[in-house]
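>>> Sharing a model prediction with you, sequence too.
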Amino acid sequence: MTSSETAERPVVQMTGISIEFPGVKALDQVDFRLFPGEVHALMGENGAGKSTLIKALTGVYGIDAGEILVDGEPHQFSGPGEAQSAGIATVYQEVNLCENLTVAENIMLGHEPRRLGAIDWRATRREAARHLATMGLDIDPASSLGAHSIAVQQLVAISRAMVVDAKVLILDEPTSSLDADEVAQLFAVVRRLRDEGVAILFVSHFIEQVYEISDRMTVLRNGGLVGEYTTAETDRLQLVSTMIGRSMEVLEDLHVSTAHTVAVEEGSTPYLQAVGLGRKGSVQPFDLDVYSGEVVGLAGLLGSGRTEVARLLAGADRADSGDTRINGVPVRLRNPRAAIGSGIAFSSEDRKAEGVVGDLTVRENIVLGLQAGRGWMRRLPARQVDEIVDKYVAALGIRPANPRALLRNLSGGNQQKVLLARWLATAPELLILDEPTRGIDVGAKAEIQKLVAELAERGMAVVFISAELEEVLRLSHRIAVMRDRDKVAEVVNTDDVRVDDVVELIASGGKH
Amino acid sequence: MAAVAPEKRGTEAPPVAGPQRGRRMSTIARRLRIDRRYMPVVGTFVVLALILSVGGVRYDNFLSTNVLANLFINNSFLIVLAVGMTFVILTGGIDLSVGAVLALSAVSAAYLLDAGVPAAMVMPAVVLIGSIIGFLIGVMVHVFDVQPFIATLAGMFFARGLCFVIAPVAIPITDETFVAISAWDTWVGGQWRVTTSVMIALAVVALAFYLLHYTQFGRTVYAIGGGEQSAQLMGLPVARTKVLVYVVSGTCAGLGGLLFAMYSRSGYSLTGVAMELDAIAAVVIGGTLLTGGTGFVLGSVLGVLVLGLIQTIITFEGTLSSWWTKIVIGVLLLIFVVLQRVLTLRRT
Amino acid sequence: MREITRHALFWPVVALVALLAANTIYRPDFLGVTILNGHLFGAPVDILRNAAPLMLVALGMTLVIATRGIDLSVGAVVAIAGALSLSFIATSPNPGSVSTVLLAIAIALGVSLVLGVWNGFLVSVVGIQPIIATLILMTAGRGIAMLITEGQITTVTSPAFKTLGSGFWLGVPVATLVAGSVFVLVALLVRRTALGMLVESVGINPAASRLAGVKARTIVWTVFALSGLFSGLAGLILASNVMAADANNAGLFIELDAILAVVIGGTSLQGGKFSLSGTFVGVLIITTLTLTVTIVGISPLVTPLFKALVVIAVTLLQSPRIRESFAARARRRAARPEEVSV
């Protein structure tokens, strides 16, 4: 069926690739094959090693062990430029072109036809137009790139790749900000290139798109190879299960008594109510209620829209449709400050970029949210700060228990605890935690889970997001299932709900 | 049977993007509307035309070829400085050293000529001084990751300090060849006076235009301004280009110093104090975005002319004092910067 | 020992001590302070007095830079404040009276504050990059100052006003006292209120600060306003020093000296952590350097050359690449004994 079976030799063959970063084995003995004329999906959750593998192939990272064959020849590129001249082109998620230049320039930059040493613009535009035409793109090559949609820019980036006659085209999450029509347009081009014999490596978090476009898939998990599959012969449930890994590290018994009983009285008003809340290009309009004393889990794969939901609820991104109510009263969450004022605290998944203020001390980081609410003139009295800091350092077991330590010198788990302390210090009614346990050690993870359960017991509303479904199931009273930027199902978490059930909902999109 | 279509593959592809409502409409619209990239320069042009017409209406001899020719003669060195500055700003950098480097070059020229070095050797040598300082700044910026602001600030202090070491007092230029070259002029069309300085300045503009628009170096300058990381991923020589723009700017400052020495026939250490601000102002008023990536060298020339015309108007007015020049330039800067901000906001 | 050499202020203080030592070798009585007519006299007193205006400007600059900003307009504000106060005093019926002088000072400071607020508005509300936003006032400001003085170098005689720049109180120069008190006030302001912490937070991680609910706009606006106010005060001292408002030359290049002092003091131009004491040391280095050049008998006009050397040395020492290669060398040296023992 797929052309890979007919091709004699893979254009790219990576064998036993290992890459080690200080303390982490990013890739461990991974094999990967890519044949001419196929679309090959590279699948895996966060930290699986997808981008590391791509960077190993394009020479951004050097490999510690293994061999890379391109066209049967061993290769070790020193950078994207060298990979490009060997025919391996990459198109990134954020289009890496120059918006200030014209379409023609972006396609031809560095390869412009010359006349008497000077760039021959007419020939350049003609050349560019020819490449655009093969993409099925009818746009003016002399128009500036910034004037076009991301989808068109994406296609322009592919055109650029084809100028150098790429035999291998890597598309790294090219569809993450495209709408359905644009995806169709992109896929038409991808199919055409495949039929011309180009090998395409496709990375996407959208399950349906992977099934629509790919011939084969390679699944990675935690830096290791899970397997290579033929798309047509692998069902969605199987794929999602292999990606998530059913036998993830088993946490020791946490003594977390997740009251799976419904914590909500009939007919009461939810603390937060979102009706048709959505944002174009980010997440489809959704409804969500969160009651006080309840943990609502958001389940879904990376890129499913789970983070986007959290950001809308926290005012980190502005919604362009729908309403929010707090205790039944309509509010507009224009910015994080407004959300904080409404009793909402949000801990971002990107701890480093959006949470940690590394050069400030633990103490300062803990009171930052509280102090920000008071403005700079009314400083919290030192004694009160000491009390708050001591309380949370002890309660959360922050190590080292030194409030004067700079936050950047703490471990990931302890940084996360400090951020939790920052939010708890503002005494929120609703706590939104996006991946609070990612990348931290097992002990800290258990402590954070325990804390979440306790907070809910004491009446706080919690929205809990995690890539680990076990964790979501253990903690949540209700689970909202996200898929392809859309809320597809909501289940009440009773004792007989199993991880498999949620996996199936994610895989099927709730259409059962 | 008709002849086989030569480019079958191309015709197979159905047009899937672009407005479906007919291409003719869009080409007409395109023709009527000005490309957004040219908008700021068009703004500069409008301002220039406005000043010219206001001047023409208010004063009798304002629109004479004499006044306009003098505009170029009196601002030739600033044109050269602004051209160099354009390269740097297009990459998103800034060069504070140009005023001081201009002074150093002018002072060196006067000193060397005074010491009896032949003009034929002095002229290229002083331009080279600018190139060397530019190169050192480029190395600081690129290799040692010093911010352009600080690196060029150091360059400025360095050059200004050297000026005083070389010439604590003003040195007059009496070298015959040099004076002859600087005094040479010709009348284009019988009325338009053109001096050596103007010729050189215009040649620099033409060369800069060629470099920016017809060489890979120039296009890389624009690409870096559009996004350094993107340029790197596109496989362009980012490192080399980033150093080179400071070399270009330094060279222009060196040449500017030579022109200034021709203009003033002396070398004085306090020459060109704060002239870097005039150059930056001219570039900004000329429609180049300070964030880099957008702008034209011809816009910068227009910017210099606007600055020069403001000066001329204030001279013509007679009752208006010279400090109004600075205030008007400040206000113009404000208007252009706010307009640019609005334009970039609309884009995102 | 390593603790001390690692301290952020170690190298700046070493530089300052080296400068002072060089001076003492050249002129053994350099550090001597004598009392003459009840006033303190001597090079150290001169340094502290000359440093006052730069200290004031650099204080505001430190806060602005900590928020990832920069204020190029301080020199223009210095000129405007000087021009305003002296013109007011010159046109008043009673130039010598204390009330006239106080009113002049109030007007100048008020206008300086407004100018700072204007810069803050352009940066925090309109969203223009700080370097450009303040470039506007840097250009127009000197024109405005000349407009005020009508292009003249306004000179006045007002003993009360002269006190600010040249007077002594309890034997100490008034300018030094003013700058010293402002320094203490600012130190208290940033550490006794939450301004310092929020300024650093915005400078270190704007995105995280936003999510934490920090009102970056207010913070940035405040520091620009303070920068304007302090520049105005510096302008008053400089004007009082010479009792003449020179719109063209008052405070010329003071923005560059201030930025230099801040950078030497260890506050990064990338924003974030700031050190007021570092800025203090930076200001002393620059002022001492200027004085040294005069003492050694080099024309003061050559001073920029030495400043350039200081900038280059300091920034290169701070350059990540150089630090890395130093660190690598240190590691190699540390590793060697182990190799031997194995």
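Great, that's in hand. Keep in mind that this is a model prediction, so the values were computed, not measured.
>>> Output the below-cut-off pLDDT ranges for the chain.
This is for chain A. Scanning chain A for pLDDT under 70 picks out A:1-8, A:22-24, A:46-47, A:94-95, A:177, A:245-267, A:441-442, A:510-512.
>>> Chain C, not that one
Chain C contains residues with pLDDT under 70 at C:1-6, C:318-342.
>>> quick check: domain ranges of it?
C:52-297, C:307-342 (automatic domain parsing).
>>> so who does the spatially closest residue to C:Ser97 that is not a sequence neighbour touch?
Of all residues not flanking C:Ser97 in the chain, C:Ala160 sits nearest, at 6.9 Å (C-beta to C-beta, 6 or more residues apart in numbering or on different chains). Where you see a C-beta, it was placed from the backbone N, CA and C, and this is true even at glycine. Residues near C:Ala160 by C-beta atoms under 8 Å, 6 or more residues apart in numbering or on different chains: C:96-98, C:100-101.
>>> A helix includes C:Ala160, no?
Yes. Counting by DSSP: H, G, I helix; E, B strand; the rest coil, C:Ala160 is found in a helix.
>>> returning to that earlier point: which of the domains of chain C is buried the deepest?
Burial among these, expressed as mean neighbours by mean count of other C-beta atoms under 10 Å in any protein chain shown, is greatest for domain C:52-297, which shows a mean of 23.
>>> what's the span of that one from first residue to last?
From its first residue to its last, domain C:52-297 covers 24 Å (C-alpha to C-alpha, to the nearest Å).
>>> how distant is that domain from the center of its chain?
7 Å (C-alpha atoms, centre = their mean, to the nearest Å).
>>> Can the helix or strand containing C:Met61 be said to contact chain A?
In the assignment (DSSP states H and E), C:Met61 maps to helix C:43-66. No. Legend: contact between helix C:43-66 and chain A by C-beta under 8 Å from any C-beta of the partner chain is lacking; minimum distance shown is 10.8 Å.
>>> how about that helix, does it get close to chain B?
No. Legend: contact between helix C:43-66 and chain B by C-beta under 8 Å from any C-beta is lacking; minimum distance shown is 10.9 Å.
>>> quick revisit: how close does the residue nearest to C:Ser97 get to C:Ile148?
As judged by C-beta to C-beta, to the nearest Å, C:Ala160 and C:Ile148 stand 21 Å apart.
>>> tell me the contacts of whatever residue of the stretch 151-300 of chain B ends up closest to chain C?
Chain C sits closest to B:Gly161 of the stretch 151-300 of chain B, with a gap of 2.4 Å, by C-beta to the nearest C-beta. B:Gly161 makes contact with C:302-308 under the criterion C-beta under 8 Å, 6+ apart.
>>> Wasn't it part of a strand?
No. Using three-state DSSP, the secondary structure at B:Gly161 is helix, not a strand.
>>> For burial, what's the neighbour tally of A:Asp195?
Residues near A:Asp195, counting by other C-beta atoms under 10 Å in any protein chain shown, number 10.
>>> For it, which non-adjacent residue is closest in space?
Excluding the flanking residues, the one nearest A:Asp195 by C-beta to C-beta, 6+ apart is A:Gly37, at 7.2 Å.
>>> and if you look at A:Arg318?
A:Arg334 (6.4 Å).
>>> Could you break chain A into its assigned domains?
Per automatic domain parsing, the structural domains of chain A span A:3-244, A:249-343+A:428-512, A:351-427.
>>> separation between the residue of the stretch 151-300 of chain B closest to chain C and B:Ser97?
12 Å.
>>> Tell me if I'm right that A:Val12 and A:Glu67 touch.
No. The criterion here is C-beta atoms under 8 Å, and A:Val12 misses it with A:Glu67 at 11.4 Å.
>>> Grab the nearest non-local neighbour of whichever residue of the stretch 201-348 of chain B sits closest to chain A.
At 3.1 Å from chain A, B:Gly226 is the closest residue in the stretch 201-348 of chain B, using C-beta to the nearest C-beta. Excluding the flanking residues, the one nearest B:Gly226 by C-beta to C-beta, 6+ apart is A:Cys98, at 3.1 Å.
>>> Near B:Ser321, how many other residues are there?
Number of residues near B:Ser321 (other C-beta under 10 Å) recorded here: 14.
>>> how close does whatever residue of the stretch 1-150 of chain C ends up closest to chain B get to C:Val242?
Closest residue of the stretch 1-150 of chain C to chain B, C-beta to the nearest C-beta: C:Ala140 (2.3 Å). The spacing between C:Ala140 and C:Val242, counted by C-beta to C-beta, is 24 Å.
>>> so which strand or helix has the closest residue to chain C within the stretch 201-348 of chain B?
Closest contact between the stretch 201-348 of chain B and chain C, by C-beta to the nearest C-beta, is at B:Gly330 (2.3 Å). Per DSSP H and E: B:Gly330 is located in helix B:323-347.
>>> And for B:Phe144?
B:Phe144 is part of no helix or strand when elements are defined by DSSP H and E.
>>> picking up where we left off before, between the contacts of C:Ala160, which is closest to B:Ala201?
B:Ala201 lies nearest to C:Val101 out of these, by C-beta to C-beta, at 50.8 Å.
>>> what about C:Asn248, is that helix, strand or coil?
Three-state assignment for C:Asn248 (three-state DSSP): coil.
>>> And for the one 3 residues further on?
Following three-state DSSP, the label given to C:Gly251 is coil.
>>> ok, it to B:Val247 distance?
C:Gly251 is 33 Å from B:Val247, by C-beta to C-beta.
>>> Next: B:Phe336.
B:Phe336 is 28 Å from B:Val247, by C-beta to C-beta.
>>> picking that back up, pretty sure the residue of the stretch 1-150 of chain C closest to chain B is in a helix, no?
Yes. Counting by three-state DSSP, C:Ala140 is part of a helix.
>>> distance from the centroid: which residue in chain A tops it?
Largest separation from the mean C-alpha position in chain A: A:Leu116, at 48.4 Å (C-alpha atoms, centre = their mean).
>>> Any chance you could list what contacts stretch B:41-53?
Against stretch B:41-53 from outside (C-beta under 8 Å, 6+ apart): B:34, B:62-63, B:285-287, B:295-296, B:298-299, B:302-303, B:305-306, B:309-310, B:313, B:332, B:336, B:339.
>>> about what we covered before: can you list which of the contacts of C:Ala160 are found in helices?
Members of the contacts of C:Ala160 lying in helices (criterion: DSSP state H): C:98, C:100-101.
>>> any idea which of the residues you listed is closest to chain A?
Distances from chain A to the ones in helices among the contacts of C:Ala160, taken by C-beta to the nearest C-beta, are shortest for C:Val101, at 30.9 Å.
>>> my read: A:Arg478 touches A:Thr494, true?
No. Using C-beta under 8 Å, A:Arg478 is not in contact with A:Thr494; the gap is 10.3 Å.
>>> Who has more neighbours out of those two?
Applying other C-beta under 10 Å to A:Arg478 and A:Thr494 shows that A:Arg478 carries more neighbours, namely 19 against 10.
>>> So what pairs up with that one in the strands?
Legend: beta-bridge partners of A:Arg478 under DSSP bridges are A:Val296, A:Val492.
>>> ok, back up a step: what about the residue nearest to B:Gly226, how many neighbours?
Other residues near A:Cys98 come to 26 when the count uses other C-beta under 10 Å.
>>> who touches it in this structure?
A:Cys98 neighbours (C-beta under 8 Å, 6+ apart): A:105-106, A:109, A:145, B:222-223, B:226-227, B:230-231, B:234, B:293.
>>> Next to chain B, which bits of the stretch 1-150 of chain C? Give me the list.
The interface of the stretch 1-150 of chain C toward chain B, taken as C-beta under 8 Å from any C-beta, is made up of C:70, C:126-129, C:131-133, C:135-147, C:150.
>>> Narrow those to those in helices?
Residues of those located in helices (DSSP H): C:131-133, C:135-147.
>>> in which helix or strand would I find A:Thr324?
Assigned by DSSP H and E, A:Thr324 belongs to strand A:321-326.
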